[in-house]
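> sequence unknown, structure follows:
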């Protein structure tokens, strides 16, 4: 073997086969089609599309983004065209690409999640659903679904029952006392894989006006600054469950990818880095191939097994 192309980067997230472990994270890659002129979408392991709701949403007031040391704050407010428009307008285009398309689903009550998945079940071209449970349950006083094990079990169980034909991934909130407890609740309720984790609630203030730098006052912190915290969460989750884990948080380099694999992730999602370098996901795939080839390791699962075993 004389070429990095001889390296097999194939991974399996449960029943979903990915050509490599690099996916574009939800909310940072639009619906995927917007990046087609910048990235060879067929090179990616998968694309997690922008979160889909029951009805279209306008999102939060501007400004929506704010740069921070080592990262970024966003308060987009889950703006999206709604699940029906996605099925009619975006999904037919996405079907033309040879990569796994995962629909991110959110809601403000259990019925929202069920209805979005019901609409998606009638459409072709999706590999899995990713359930965003970091949303307030408006029927129970605004408590986040993802912050309570019983509520996690309830929403995941209902979504799993609705997702008759496709695997269900569950995206966890990092703002919990014990992520292992939440992860086990999701797994027992039917989650086929877990994405760890969502952004961290934070804020930025203009020192001269005393006002928030975001139109929504607070936002979600992402980028390199959160990577050490999220690495720990992936590690804690990997000790608590047997299901596959997708790590997301501050991934910019091949070394970042390998670190997530070391603590138990099967695949990773690239988020904030795509804002500054839209082609980063594709370059990570190419860099990972080269890194494994140089180390004379020809399958991604082989290196993941070695590192994780050493990590203990």
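Thanks, I have the structure now. Remember, it's a predicted structure, so these values are computed and weren't measured experimentally. Numbers count the residues shown, from 1 in each chain.

> could you pull out the strands for the stretch 51-200 of the chain?
Taking DSSP state E, counting those that start in this stretch as the criterion, the stretch 51-200 of the chain carries its strands at 65-68, 71-74, 100-105, 128-132, 136-137, 143-144, 168-171, 193-196, 200-202.

> meant to ask about the stretch 201-312 of the chain, not that
219-222, 245-248, 267-270.

> With mean pLDDT and mean neighbour count as new columns, can those strands be given to me in CSV?
Where you see a C-beta, it was placed from the backbone N, CA and C, and this is true even at glycine. Output for those, formatted as CSV (pLDDT from 0 to 100; neighbours: other C-beta atoms under 10 Å):
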stretch, mean pLDDT, mean neighbour count
strand 219-222, 95, 24
strand 245-248, 98, 29
strand 267-270, 98, 28
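
> Can you check which of those gets nearest to residue 46?
Smallest distance to residue 46 across the strands of the stretch 201-312 of the chain (C-beta to C-beta): 7.9 Å, for strand 267-270.

> For residue 208, find the nearest of the strands of the stretch 51-200 of the chain.
Between residue 208 and the strands of the stretch 51-200 of the chain, the tightest spacing by C-beta to C-beta is seen for strand 65-68, at 14.9 Å.

> Poorly predicted segments of the chain, please.
1-3, 138, 141-143, 304-312 (pLDDT under 70).

> The strands of the stretch 201-312 of the chain: which one's closest to residue 50?
Nearest to residue 50, of all these, is strand 267-270, at 13.1 Å by C-beta to C-beta.

> Who are the packing partners of that closest one?
strand 22-24, strand 245-248, helix 254-262, helix 280-294 (3 or more C-beta pairs under 8 Å, 6 or more residues apart in numbering; DSSP states H and E).

> Could you export the ones you listed as TSV, including distance to residue 165?
Shown next, in TSV, are those (distance: least, C-beta to C-beta, whole Å):
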stretch	distance to residue 165
strand 22-24	21
strand 245-248	20
helix 254-262	29
helix 280-294	27
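
> Which among those is found nearest to residue 238?
Among the helices and strands packed on strand 267-270, the nearest to residue 238 by C-beta to C-beta is strand 245-248 (5.9 Å).

> Identify the residues contacting the closest one?
Strand 245-248 is contacted from outside by 13, 23, 25, 169, 193-197, 230-231, 234, 237-238, 260, 263-271, using C-beta atoms under 8 Å, 6 or more residues apart in numbering.

> go again using 7 Å as the cut-off
13, 25, 169, 193-197, 230, 234, 237-238, 260, 264-269, 271 (C-beta atoms under 7 Å, 6 or more residues apart in numbering).

> buried subset of the residues you listed?
Buried members of the contacts of strand 245-248, counted by 16 or more other C-beta atoms under 10 Å: 13, 25, 169, 193-197, 230, 234, 237-238, 260, 264-269, 271.

> quick one on the thing from earlier: among the strands of the stretch 51-200 of the chain, show me which one is buried the most.
Counting by mean count of other C-beta atoms under 10 Å, strand 193-196 has the highest mean neighbour count of these, with a mean of 29.

> Any idea how far it is from the middle of the chain?
Distance, stretch centre to chain centre, for strand 193-196: 8 Å (C-alpha atoms, centre = their mean, to the nearest Å).

> other SSEs contacting that strand?
strand 168-171, helix 227-240, strand 245-248 (3 or more C-beta pairs under 7 Å, 6 or more residues apart in numbering; DSSP states H and E).

> JSON lines for those, including distance to residue 103?
As requested, the helices and strands packed on strand 193-196 are exported to JSON lines (distance: least, C-beta to C-beta, whole Å):
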{"stretch": "strand 168-171", "distance to residue 103": "10"}
{"stretch": "helix 227-240", "distance to residue 103": "22"}
{"stretch": "strand 245-248", "distance to residue 103": "15"}
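
> which stretch among the ones you listed comes nearest residue 73?
Closest to residue 73 of those, according to C-beta to C-beta: helix 227-240, at 15.5 Å.

> List the buried residues of the closest one.
Buried-residue list, helix 227-240, by 16+ other C-beta under 10 Å: 227, 230, 231, 233, 234, 235, 236, 237, 238, 240.
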